[in-house]
Every structure is written in structure tokens, then in C-alpha cells.
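Student: Give me a model of this one.
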Amino acid sequence: MTITEKYVNPFTDFGFKKLFGSEPNKDLLIDFLNQLLPPQHQIQELTYARNEQVGRNEFDRRAIFDLFCTSPSGERFIVEMQRAKQNYFKDRSVFYATFPIQEQVPRGDWNYQLAPVYLVGILDFVFAEDKDDTEVCHRVQLKDQINRVFYEKLTLIYLEMPKFTKTEAELETPFDKWLYVLKHLPRLTERPAKLQERVFARLFEAAEIAKFNRTELELYEDSVKVYRDLKNVIDTAAQDAVKKTSQEVARRALAENLPLALIAKLSGLSEAEIESLQT
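Tutor: Predicted coordinates for the structure are as follows:
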């Protein structure tokens, strides 16, 4: 495989962990998380934990997170890059969020005081129920019947990346700039003028594929292949769904004896495709 892009794709497994999951680049993850966290939970330091350390039993420890880390004051952070829709994704998120809660339980007596837990999901898709709104960032907490936060120590944050449509000229906040980088990095050929802060200089340096060693390049090529294969499967499924819908529209129109030209306009199919549905 020949990699033609200058910068790594953060939606690949290797790319995401290269930028955010390696000790030399920990400052990138800290800056990114601080754009999502409330003022009282801004972080200066993080410690990465291995996945197998999370969970209280063998089944729990088989769960794979992209990143799991803790702050010196005890906050727990799960950060996941989710590349495709899956059934019960929200259920999975809640289930995963229970692991860093359970692992806080010490041996012996305990007063049940817990440290805050944050799960951050960077999504390369849009929830079906959110398709008609424009909100990129969703912050979810447990609330009561009058919308007051009942429990503030568990927060799920979802970023629906396809909804982020700002151009470079429209970038205003550090949050905007981070989303722009995540969405456009593999298509850029140089660092945009609007992203001159030190943290972005660090990110573009870490993301430059030409600086990878041979092992890193091989791992990245494998990761890109997996990403492209998955994307192709998703795109094909979407195209098939659209085609089936168009065919169903055409069949119903044929049953009503509508003219072929009108059916073609309604369905988006060619007249030859519509005629083939009559056989």
C-alpha cells in the first residue's frame, strides 16, 4: 500500500493512539479533553492505564477501550473513537462507563465516595434520533424530572463529527479548532494559518507520516487498510439501502401506471432500470 497523505488519519486505530495514546503526546490528549470538561475538572496531568486493569472480573477486563486514563485527583476518562454505527451503542457506552466506577472500590471498609468518570465518544456517524439537529457535542448526565442534575460524577460526551461543517475561516474557539483538525487532518498538506497555537504545532509534528519509523509505517498502513475496508462496507450498505428505496418507489409508481419519465424523476432511477423492474 502506498500512503499519499502527509498527515495521519486520526480515525484509524493506529493514528488515534499515535496522537492521543502515547506518552510523548500526552499533552495533546490533555488539551483536547480540557475543551470538553467543565472548569472544575480541567486537568494538568494524566496517567494511562492498561485496559486489562479495568474491571473487577475477567469478563469486564476483556472490554477494549481506545484509551483509559486517570488524573492525579482521581477522575477517570475513557476516550473512544467510534468509526461505525452499531446496535445498542449507547447501552455499550453506559456499560463501559461502569468499569472505572467499579474499579474504584477498595478492599475493606468504604464510604462509597466516588471520583468523577467521563466517557468521551468521538463518532464518525450521527445518531438516528439526532439527524435533524445541528448539535455536534452532546453532554449527557443523570437528571431528575425537572431537568436538574441528580448525579454529576458520571458524564457521557458524544461528538457527532459529520455535523461539524465549519470552514477554517469560521474557526473561533480551541474547541472548533480541535474538531476541524480531527475531521480534516488527513486531507491537509500544511498546518492551517488559524491553527498556530503550540499544541497544534505539536500535533502536526506528531502526525507527519514521513517521520514514522519503518515499524510505525507498517502498522499505520495496516490500520489504514482496515479503516478503508470498513468504510467501503458501510458506504456500500448505504448505497444498497438507497437503491432498494428507489426501487420500491419505482415499483409503487409502476403499479399506479405513472409515465416512465415521471417515475424516473421521483425515484432517481433511469428509465432502463425502471423497465427492468417490470420483468
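
Student: contacts, neighbours, all on C-alpha from now
Tutor: Fine.

Student: Show me where the stretch 51-200 of the chain has its helices.
Tutor: 58-61, 89-97, 99-102, 174-184, 198-207 (DSSP state H, counting those that start in this stretch).

Student: Quick check: which of those helices is buried the most?
Tutor: Comparing those by mean neighbour count (mean count of other Cα atoms under 10 Å), helix 99-102 ranks first with a mean of 20.

Student: Now do that one, average pLDDT.
Tutor: Mean per-residue pLDDT for helix 99-102: 90.

Student: Give the other helices and strands that it contacts.
Tutor: Taking 3 or more Cα pairs under 8 Å, 6 or more residues apart in numbering; DSSP states H and E as contact, there are no helices or strands that helix 99-102 lies on.

Student: which residues of the stretch 1-150 of the chain score low on pLDDT?
Tutor: Where the stretch 1-150 of the chain drops to pLDDT under 70, the residues are 1-2, 50-65.

Student: re earlier: out of the helices of the stretch 51-200 of the chain, which gets nearest to Lys231?
Tutor: helix 174-184 (14.9 Å; Cα to Cα).

Student: How far off centre is the closest one?
Tutor: 13 Å (Cα atoms, centre = their mean, to the nearest Å).

Student: hmm, who's touching it?
Tutor: 10-11, 32, 35-36, 161, 164, 166-168, 171, 195 (Cα atoms under 8 Å, 6 or more residues apart in numbering).

Student: re the thing from before, for Leu156, which of the helices of the stretch 51-200 of the chain is the nearest?
Tutor: Here helix 89-97 is closest among those (Cα to Cα), at 8.0 Å.

Student: CSV please, covering the helices of the stretch 51-200 of the chain and showing distance to Tyr118.
Tutor: Shown next, in CSV, are the helices of the stretch 51-200 of the chain (distance: least, Cα to Cα, whole Å):
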stretch, distance to Tyr118
helix 58-61, 18
helix 89-97, 8
helix 99-102, 9
helix 174-184, 17
helix 198-207, 22
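
Student: Can you say which of these is nearest to Leu277?
Tutor: Here helix 89-97 is closest among the helices of the stretch 51-200 of the chain (Cα to Cα), at 37.0 Å.

Student: So what's the gap between that closest one and the chain middle?
Tutor: 14 Å.

Student: With Ser246 as the reference, name the closest of the helices of the stretch 51-200 of the chain.
Tutor: Smallest distance to Ser246 across the helices of the stretch 51-200 of the chain (Cα to Cα): 28.6 Å, for helix 89-97.

Student: my read is Tyr220 is in a helix, agree?
Tutor: Yes - judged by DSSP: H, G, I helix; E, B strand; the rest coil, Tyr220 forms part of a helix.

Student: Please name the spatially closest residue to it (chain neighbours excluded).
Tutor: Sequence neighbours aside, Phe14 is the residue nearest to Tyr220 in space, at 5.7 Å (criterion: Cα to Cα, 6 or more residues apart in numbering).
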